[in-house]
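Colleague: Fold the following.
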Amino acid sequence: MTTSSSEQGVSLGMPQLPAPAYPDDVRARLEADGREIIARYPDSRSALLPLLHLVQAEEGHVTRTGQQFCANLLDLTTAEVAAVATFYSMYRRRPSGDYQVGVCTNTLCAVMGGDAIFESLQEHLGVGNGETTDDGKVTLEHIECNAACDFAPVVMVNWEFFDNQTPASARRLVDDLRAGAPVEPTRGAPMCTFKETARILAGFPDERPGAVEASGGAGPASLVGLRLARGETAPARVVHPRGSGAPQDTSPTTEHLSSHDAPQDTSASDPAHPAGPVAEEGE
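Modeller: As a prediction, the model looks like this:
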């Protein structure tokens, strides 16, 4: 039995038409921003990455029109631009939501509850990996590593951290995002939309009041080793799951050096989401 080309998803029709151009006013605005970006580099070709963020900030993903714009501005072929745009996962290739919700499912986060969080959000939102809710608010995806293992399991929204999450807290998080309710990351700058984030990544100033000052640095659990190396004994602050309402216990006798020592409803402690076999092989 043979399979037709249409059933295989292969098109043998007319070649794809050239990408439509931006409207004149949009093109003029983007060209001004693009020239500013290009001026930062001795070789104009080096400006391609921030230019892709610039066009992503315009439409929420890198369209064929955006790729053609970058190619024209840098005197590159569209194939050269597409090769870069399709290589890096931060460039979206199809329409996406105002909020990119990424659940870390790499080893430690998965063991601590990341897999359970991701499965819970898929069911709660009714979307799969890389898909967007019908209201265009949330795009859900799993991420291999958020480089925040000491706060596992971690969820990121437009690259801002939400630490020590549980399935319940993650569901509240996406519900608040969809409802337009105020949402504050565990650490880092205040929330903004994905398009606004893309413009910042293109190299333009973050104009939100207090955003730069709020960016901060490493969290307390990340600095435990440095403090111990310096001979400091001050206890670390325990970061509780978002919305848990748990008090911060700062007494020297009960403080935990790592957020993992605090009681949490994660895969390691929640019987409904076991982390895996508890007995040694052969027992």
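Colleague: how about stretch 121-135: buried residues?
Modeller: Neighbour counts over stretch 121-135 (16 or more other Cβ atoms under 10 Å) mark 121-122, 125, 127, 131-133 as buried. Yep, even glycine has a C-beta here, placed from its N, CA and C like the rest.
Colleague: Could you dump those residues into a markdown table and include pLDDT and secondary structure?
Modeller: Shown next, in a markdown table, are the buried residues of stretch 121-135 (pLDDT from 0 to 100; DSSP: H, G, I helix; E, B strand; the rest coil):
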| residue | pLDDT | secondary structure |
| --- | --- | --- |
| 121 | 96 | helix |
| 122 | 95 | helix |
| 125 | 95 | helix |
| 127 | 93 | coil |
| 131 | 92 | strand |
| 132 | 93 | strand |
| 133 | 94 | coil |
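Colleague: Helices along the stretch 151-283 of the chain, start to end?
Modeller: Per DSSP state H, counting those that start in this stretch, the stretch 151-283 of the chain carries helices over the ranges 167-179, 194-201, 211-214, 224-229.
Colleague: between these, which gets the lowest average pLDDT?
Modeller: When the helices of the stretch 151-283 of the chain are compared by mean pLDDT, helix 211-214 comes last with a mean of 68.
Colleague: Pass me the low-pLDDT residue ranges in the stretch 101-250 of the chain, would you?
Modeller: Applying pLDDT under 70 to the stretch 101-250 of the chain flags the ranges 212-219, 234-250.
Colleague: returning to that earlier point: so which of the buried residues of stretch 121-135 would you say is closest to residue 53?
Modeller: Closest to residue 53 out of the buried residues of stretch 121-135 is residue 132 (19.5 Å), distances taken as Cβ to Cβ.
Colleague: Kindly state the beta-bridge partners for the closest one.
Modeller: Residue 132 has these beta-bridge partners by DSSP bridges: residue 139.
Colleague: now the strands for the protein?
Modeller: Taking DSSP state E as the criterion, the chain contains strands spanning 99-104, 131-132, 138-143, 155-157, 160-162.
Colleague: hey, C-alpha coordinates of stretch 47-66 in PDB?
Modeller: The C-alpha coordinates for stretch 47-66 follow below in PDB (Å, rounded to 0.1, in the frame of the first residue of the first chain):
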ATOM      1  CA  ALA A  47      23.500  42.000  14.400                       C
ATOM      2  CA  LEU A  48      21.300  39.200  13.200                       C
ATOM      3  CA  LEU A  49      20.400  37.700  16.600                       C
ATOM      4  CA  PRO A  50      19.100  40.900  18.100                       C
ATOM      5  CA  LEU A  51      17.400  41.800  14.900                       C
ATOM      6  CA  LEU A  52      15.500  38.500  15.100                       C
ATOM      7  CA  HIS A  53      14.400  39.500  18.600                       C
ATOM      8  CA  LEU A  54      13.300  42.800  17.200                       C
ATOM      9  CA  VAL A  55      11.000  41.300  14.600                       C
ATOM     10  CA  GLN A  56       9.800  38.800  17.200                       C
ATOM     11  CA  ALA A  57       8.800  41.700  19.400                       C
ATOM     12  CA  GLU A  58       6.700  43.000  16.500                       C
ATOM     13  CA  GLU A  59       4.600  39.900  15.800                       C
ATOM     14  CA  GLY A  60       5.200  37.600  18.700                       C
ATOM     15  CA  HIS A  61       7.100  35.100  16.600                       C
ATOM     16  CA  VAL A  62       9.600  35.200  13.700                       C
ATOM     17  CA  THR A  63       7.600  35.300  10.500                       C
ATOM     18  CA  ARG A  64       8.700  35.000   6.900                       C
ATOM     19  CA  THR A  65       8.200  38.700   6.700                       C
ATOM     20  CA  GLY A  66      10.500  39.300   9.600                       C
END
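Colleague: hmm, who's touching that stretch?
Modeller: 19-22, 26, 30, 33-34, 37-38, 40-41, 67, 69-70, 73-74, 76, 78, 81, 84-85, 88, 90-96, 194-196, 198-199, 201-203 (Cβ atoms under 8 Å, 6 or more residues apart in numbering).
Colleague: now, which of those lie within helices?
Modeller: Those of these mapping onto helices are 26, 30, 33-34, 37-38, 67, 69-70, 73-74, 78, 81, 84-85, 194-196, 198-199, 201, per DSSP state H.
Colleague: before we move on, back to that, include distance to residue 232 when you put the buried residues of stretch 121-135 into JSON lines, please.
Modeller: Listed next are these as JSON lines, based on distance: Cβ to Cβ, whole Å:
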{"residue": "121", "distance to residue 232": "38"}
{"residue": "122", "distance to residue 232": "43"}
{"residue": "125", "distance to residue 232": "43"}
{"residue": "127", "distance to residue 232": "45"}
{"residue": "131", "distance to residue 232": "46"}
{"residue": "132", "distance to residue 232": "46"}
{"residue": "133", "distance to residue 232": "45"}
